[in-house]
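J.: Sequence and predicted structure below; questions after.
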Amino acid sequence: MQQTTACNAVHTVEQRTCKWLVRMCDLVGTELPVTQEFLAQMMGVRRTSVTGVASQLQKEGLISYSRGNISILDMNLLQRRACECHRTVRELYAAEFDDTERTALPFRPSTCR
Ligand SMILES: [Zn+2]
């Protein structure tokens with residue numbers, strides 16, 4: 001819960017979309033039976049934001065999508081684009097509740113690795 005909140009605050013929809021795609025790829029492989037609508041709901045963003053990101057990623061050859069299906073074409077590039085919040089839960093959690101750290105929050109994205 002806290003992880004999601006912090007991630008939403010400091011990372012772009014693109015970084016988060018990449019993270020979810022990488023995560024799901026770990027679970028089910030490179031053919032993901034998901035819609036952009038599903039991704040949007042999972043991240044709590046508007047579907048149009050996901051559509052914009054997905055179309056950009058497809059143009060760059062990282063993924064390809066058709067109705068109800070997303071294929072991962074370049075896992076390495078996708079991982080490089082993704083934020084890595086799942087590895088820094090404790091760090092982000094601390095940032096949420098430490099006042100000294102909180103003032104440094106705008107700079108969090110660069111330290112979130
Ligand atoms: Zn994040």
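T.: Arrived safely.
J.: Can you list the low-confidence ranges for the protein?
T.: The chain contains residues with pLDDT under 70 at 1-4, 86-113.
J.: Next to the ion, which bits of it? Give me the list.
T.: By Cβ under 5 Å from the ion, the part of the chain that sits against the ion consists of 7, 11, 83, 85. In this view, the C-beta of every residue, glycine as well, is placed from N, C-alpha and C.
J.: wait, the third one sits on residue 7?
T.: Yes. The pair formed by residue 83 and residue 7 meets the contact definition of Cβ atoms under 8 Å, at 6.5 Å.
J.: Need the residues touching each of the two.
T.: Between them, residue 83 and residue 7 share the neighbouring residues 16, 19, with contact defined by Cβ atoms under 8 Å, 6 or more residues apart in numbering.
J.: Show me the helices in the chain, by range?
T.: 2-10, 13-28, 36-43, 47-59, 75-81, 89-97, 99-102, 108-111 (DSSP state H).
J.: now those helices as JSON lines including distance to residue 65 and mean neighbour count?
T.: Rendered in JSON lines, the data for the helices of the chain read as follows (distance: least, Cβ to Cβ, whole Å; neighbours: other Cβ atoms under 10 Å):
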{"stretch": "helix 2-10", "distance to residue 65": "23", "mean neighbour count": "16"}
{"stretch": "helix 13-28", "distance to residue 65": "10", "mean neighbour count": "18"}
{"stretch": "helix 36-43", "distance to residue 65": "7", "mean neighbour count": "17"}
{"stretch": "helix 47-59", "distance to residue 65": "6", "mean neighbour count": "16"}
{"stretch": "helix 75-81", "distance to residue 65": "13", "mean neighbour count": "15"}
{"stretch": "helix 89-97", "distance to residue 65": "29", "mean neighbour count": "14"}
{"stretch": "helix 99-102", "distance to residue 65": "38", "mean neighbour count": "10"}
{"stretch": "helix 108-111", "distance to residue 65": "26", "mean neighbour count": "13"}
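J.: Please convert the ones you listed to TSV, extending it with distance to residue 67.
T.: Below are these laid out as TSV (distance: least, Cβ to Cβ, whole Å):
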stretch	distance to residue 67
helix 2-10	27
helix 13-28	17
helix 36-43	10
helix 47-59	12
helix 75-81	21
helix 89-97	34
helix 99-102	43
helix 108-111	33
